[in-house]
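Q: sequence? don't have it. structure:
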Ligand SMILES: [Zn+2]
Ligand SMILES: [Zn+2]
């Protein structure tokens, strides 16, 4: 019975994801969003990046806050290498991590966990230091900004390498390091309504974290997260869905290393 529910939920998400693709005018990621009863809202951030990434993260958050939709509060700093490698989700918060996750094909990985209403309830953005040769200062900003954008529920503006002057494209242009007004408008559309509850943690706290990988270390990606089933594959990225033990869904958005698509 339980298993059947899980399968049904996963199938529903899989069909949603395969239908969505990329729309040019709108670049929502399935309209995923955090539930909130007021706007703007303040997302608690767990800072699990080393000094090498600190400025990239802080500047990204500052730029995203210019949308007028989401403000940020660094709720906790947890920089130990074990924590950064596992990068466990924290209920109601966004965690940003960097670590050497290995030569596993991805540069950046955004993961969101959905509550029973389909709202984002926790998320992580991870940067893979194992591809040190790839990380120009511009690309560090680009991928950091994009993975954080995914954790708000945004998709890509393009995937063909063309630049829309936003970090949500797949261009290596120096004009693609930050969000642009179109991204802000997309967020304003996606977050125009209010919800009847908050899926984010209103007050900062270093809450209990989920361990998404406890039930099958073999299929875990990197050190901490189970990717589950691949439901979408494109030139530069993949989307995976994993049903957690509690029945909730975690959706992963994987930024592949150029030329290493598998
Ligand atoms: Zn909503
Ligand atoms: Zn992406």
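A: It's in. All values derive from a computational prediction rather than experimental measurement. Ligands and ions are numbered 1, 2, ... in the order given.
Q: next, whichever residue of the stretch 51-200 of the chain sits closest to ligand 2: secondary structure please.
A: Nearest residue of the stretch 51-200 of the chain to ligand 2: residue 146, at 5.0 Å (Cβ to the ion). Any C-beta I mention is one placed from the backbone N, CA and C, and that applies to glycine too. Applying DSSP: H, G, I helix; E, B strand; the rest coil to residue 146 yields a three-state assignment of helix.
Q: just the pLDDT for it.
A: Here, the pLDDT recorded for residue 146 equals 98.
Q: my guess is it meets residue 167, correct?
A: Yes. The pair residue 146 / residue 167 is scored as a contact, 4.7 Å apart, by Cβ atoms under 8 Å.
Q: who touches residue 129 in this structure?
A: Contacts for residue 129 were tallied using Cβ atoms under 8 Å, 6 or more residues apart in numbering; they are 52, 98, 99, 100, 101, 135.
Q: redo that, cut-off 7 Å
A: By Cβ atoms under 7 Å, 6 or more residues apart in numbering, the contact list for residue 129 reads 98, 99, 100.
Q: just give me the neighbour total for the residue of the stretch 51-200 of the chain closest to ligand 2.
A: 27 (other Cβ atoms under 10 Å).
Q: need the contact list for it.
A: Shown in contact with residue 146 (Cβ under 7 Å, 6+ apart): 108, 167, 168, 255.
Q: same thing but 6 Å
A: Going by Cβ atoms under 6 Å, 6 or more residues apart in numbering, residue 146 touches 167, 168.
Q: follow-up on the earlier one: of the contacts of residue 129 - the most surrounded one?
A: Of all the contacts of residue 129, residue 98 has the most neighbours under the rule other Cβ under 10 Å, reaching 26 neighbours.
Q: isn't that residue up against residue 128?
A: No. Using Cβ atoms under 6 Å, residue 98 is not in contact with residue 128, being 7.7 Å away.
Q: in the sheet, who's paired with residue 230?
A: residue 240 (DSSP bridges).
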